[in-house]
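Undergrad: Mind folding the following:
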Amino acid sequence: MDMDSGLDEEQMDEAQYEELSSFLRRAVSEVLRLEDGPAFQAWIREEAPRLLPDLLVRLPDEQARRGFLLEFGRSLWNSIPLPANGFRPRPIPEPERNDPCPCGSGKKYKKCCAPWSEGAPELDAEGIWMLMAEELPLEQVEAMGASGRVPRSILGIIATSLLDHGDPQKALALVRPLFEKPERLDERDAASLNTLLEAYDALDLQEEHWAEAERLAGALRPPLRAVLWESLARSYAVEGEMEEAWKSLERARQDDPESPALGPLEVSLLLAEGKTAEAGERARYWRSRLREDELSEQGFEFLARVGESPEETQLRFSFGDEVTEQIHQLEEWLARAEPAAILYGVEAAGDDPAEGRLVAAGPLRELEAAFEAVFYPPLADPESEEDEDWDPWDEDRAEQWLGFLLEHPQALDSVDILEDVAHTVSEIVLDRYGFLDRPLLRPLLDRGLAVVRQALAAHPGVTRLPGELEPNGSALALIVAAAAQAHRLGETDRARERLEWLRALEPHSLGVEEEEEEI
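TA: Numbers count the residues shown, from 1 in each chain. Predicted coordinates:
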């Protein structure tokens, strides 16, 4: 906006800026509803004083406000591409200097509102097209994209914004017409291409996504085709098809060897494979090679984070910020936790007084039932004997059971819960998160073993825990896991000690012989 208008954006406070933004959205909606210049200017004169009170009060007098609104309304009207006019503006010309002023004052234009013609706010095309895309119904957004009137330099930006704000249908409708003739496209259309494929994914149109990708792969020209391969590499990685992901990355490199996007993409694929240390090395390499102006701020920050803290970034990349924070909170609690309370008794397991069964106290059993409710998903068919295919590290589910443990840390006095959690943690440790072995898995296992020792110490006559009785089975599973971890970490004596204890507690324990052979 012109500084002399008294409405310079840099001088607005937050409330005034929000007031103007809200007014512009309402004004664009009215233009699209009326599609009539004089009627819109009449609306401006009537409604702007009510909708822009904090801004108009900054103008010196009534004539200044009247002049500003006249020119503001004309400038706004002239900026908006009208659907009924093929998405072209239908401008209202500026009055001649000696014409009667349109504001109705009775004065000549030059002596009334003309001074404000140079101070009318300048409205950027991207903002106008963005507001139109938000206000128009889906069919007209598609017509807007098909019109070819939206500048290609901002089409992808607008579609990306629609996608980011939860409207993938409009995003797809806006950019899809552009790709009817893909052979004509070039690097300017990279954002539109990414949004096209991401919108298919957001709408769960997987068949359409892959069919469109196959069609475009045969029609796009390098280096835009490289953008397609980069997008496909990310999609394959999400599906766990890492071989195809790396092939797509190599195709992208062939089509555009100098693409700065290759660096962050390579690092993200390494993270997806759990190659944390290598990802850190490559991130540092790409960060030293690329200039900041070659990458988006987000891309450069990603390389910086991976290079400086690959393990932390690996967790956040895979599980999200909330689950990562919960993992760290659990690590901290385990590091400073007091020894488990004495919550287990031992009852006779049969005629042999040396055999016993661990028995959890009532409050601990209540916690076990509550944990099971958040840890295990309900079966879709309760009568089915088949377990549902589920992932305890699904972000939403992980937030639930980790949150339960942090809210009820006394649950970690239960060998049943400790066995469930340790097994779940060991799966990701063995998969790609070996850096969690010592800070998270070991204290979980050590706590479980301490609970068992504590219960047995209070009942010195019991020396065996038959594994077919629960929760004995969970206790023995914790000892097996502790032996396996010690062996994995090269702690042979520690591993043997745990296996000897296991054999003493349950001479027929499954897995003892296999573990001993490995050691």
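
Undergrad: hey, let's count contacts and neighbours off CA atoms from now on
TA: Fine.

Undergrad: the helices in the stretch 101-250 of the chain, which residues?
TA: Taking DSSP state H, counting those that start in this stretch to define them, one finds helices in the stretch 101-250 of the chain at 125-135, 138-147, 152-164, 168-175, 190-202, 206-217, 224-238, 242-255.

Undergrad: so how far is Leu445 from Arg438?
TA: Remark: distance between Arg438 and Leu445 (C-alpha to C-alpha, to the nearest Å) = 10 Å.

Undergrad: So which of those two has more stuff around it?
TA: Shown here are Arg438 and Leu445; by other C-alpha atoms under 10 Å, Leu445 has more neighbours (26 against 14).

Undergrad: Wait, the more buried one touches Leu476, no?
TA: No: with contact taken as C-alpha atoms under 8 Å, Leu445 and Leu476 are classed as non-touching, separated by 11.1 Å.

Undergrad: if I pick the most centrally placed residue in the chain, what's in contact with it?
TA: The residue lying closest to the centre of the chain (C-alpha atoms, centre = their mean) is Gly320, at 7.2 Å. For Gly320, the contacting residues are Glu395, by C-alpha atoms under 8 Å, 6 or more residues apart in numbering.

Undergrad: for the helix or strand where it lies, which positions count as buried?
TA: Using DSSP states H and E, Gly320 sits within helix 310-336. Within helix 310-336, the residues that count as buried by 16 or more other C-alpha atoms under 10 Å are 310-315, 317-319, 323-327, 330-331, 334.

Undergrad: From Pro257, how far out is Leu220?
TA: For Leu220, the distance to Pro257 - C-alpha to C-alpha - is 16 Å.

Undergrad: Same question for Ala237.
TA: 21 Å.

Undergrad: Neighbour count: these two, which is higher?
TA: Higher neighbour count among Ala237 and Pro257: Ala237, with 19 against 13, using other C-alpha under 10 Å.

Undergrad: Please name the nearest non-neighbouring residue to Lys108.
TA: Excluding its sequence neighbours, the residue lying closest to Lys108 (C-alpha to C-alpha, 6 or more residues apart in numbering) is Pro100, at 4.6 Å.

Undergrad: Could you report the neighbour count for the one you found?
TA: 17.

Undergrad: Also Ser474?
TA: 21.

Undergrad: Local confidence estimate at it?
TA: Per-residue confidence (pLDDT) for Ser474: 96.

Undergrad: just to confirm, which helix or strand has it in it?
TA: Per DSSP H and E, Ser474 falls inside helix 472-488.

Undergrad: export that helix as PDB, just CAs?
TA: In PDB, the C-alpha atoms belonging to helix 472-488 read as follows (Å, rounded to 0.1, in the frame of the first residue of the first chain):
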ATOM      1  CA  ASN A 472       5.700 -66.700  34.900                       C
ATOM      2  CA  GLY A 473       5.900 -66.800  31.100                       C
ATOM      3  CA  SER A 474       6.300 -63.100  30.800                       C
ATOM      4  CA  ALA A 475       9.000 -63.100  33.500                       C
ATOM      5  CA  LEU A 476      11.000 -65.800  31.700                       C
ATOM      6  CA  ALA A 477      10.500 -64.000  28.300                       C
ATOM      7  CA  LEU A 478      12.200 -60.900  29.900                       C
ATOM      8  CA  ILE A 479      15.200 -63.000  31.000                       C
ATOM      9  CA  VAL A 480      15.500 -64.500  27.500                       C
ATOM     10  CA  ALA A 481      15.300 -61.000  26.000                       C
ATOM     11  CA  ALA A 482      18.000 -59.700  28.500                       C
ATOM     12  CA  ALA A 483      20.300 -62.600  27.500                       C
ATOM     13  CA  ALA A 484      19.800 -61.900  23.800                       C
ATOM     14  CA  GLN A 485      20.500 -58.200  24.300                       C
ATOM     15  CA  ALA A 486      23.700 -58.900  26.300                       C
ATOM     16  CA  HIS A 487      24.900 -61.200  23.500                       C
ATOM     17  CA  ARG A 488      24.000 -58.600  20.900                       C
END
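
Undergrad: State the next helix or strand along the chain beyond that helix.
TA: Using DSSP H and E, the next helix or strand after helix 472-488 towards the C-terminus is helix 492-505.

Undergrad: from the chain's centre, how far out does that next one sit?
TA: 44 Å (C-alpha atoms, centre = their mean, to the nearest Å).

Undergrad: now swap in stretch 477-496 and tell me
TA: Stretch 477-496 has its C-alpha centroid displaced from the chain centroid by 37 Å (C-alpha atoms, centre = their mean).

Undergrad: Go through that stretch and flag the buried ones.
TA: 477-487, 494-496.

Undergrad: now swap in stretch 166-184 and tell me
TA: By 16+ other C-alpha under 10 Å, the buried positions in stretch 166-184 come out as 167-179, 182.

Undergrad: and what of stretch 344-355?
TA: For stretch 344-355, using 16+ other C-alpha under 10 Å, the buried residues are Tyr344, Gly345, Val346, Ala349, Ala354, Glu355.

Undergrad: report the angle between the axes of the helix holding Ser474 and helix 492-505?
TA: Angle, helix 472-488 to helix 492-505, by axes from the mean of the first three to the mean of the last three C-alpha atoms, to 10 degrees: 160 degrees.
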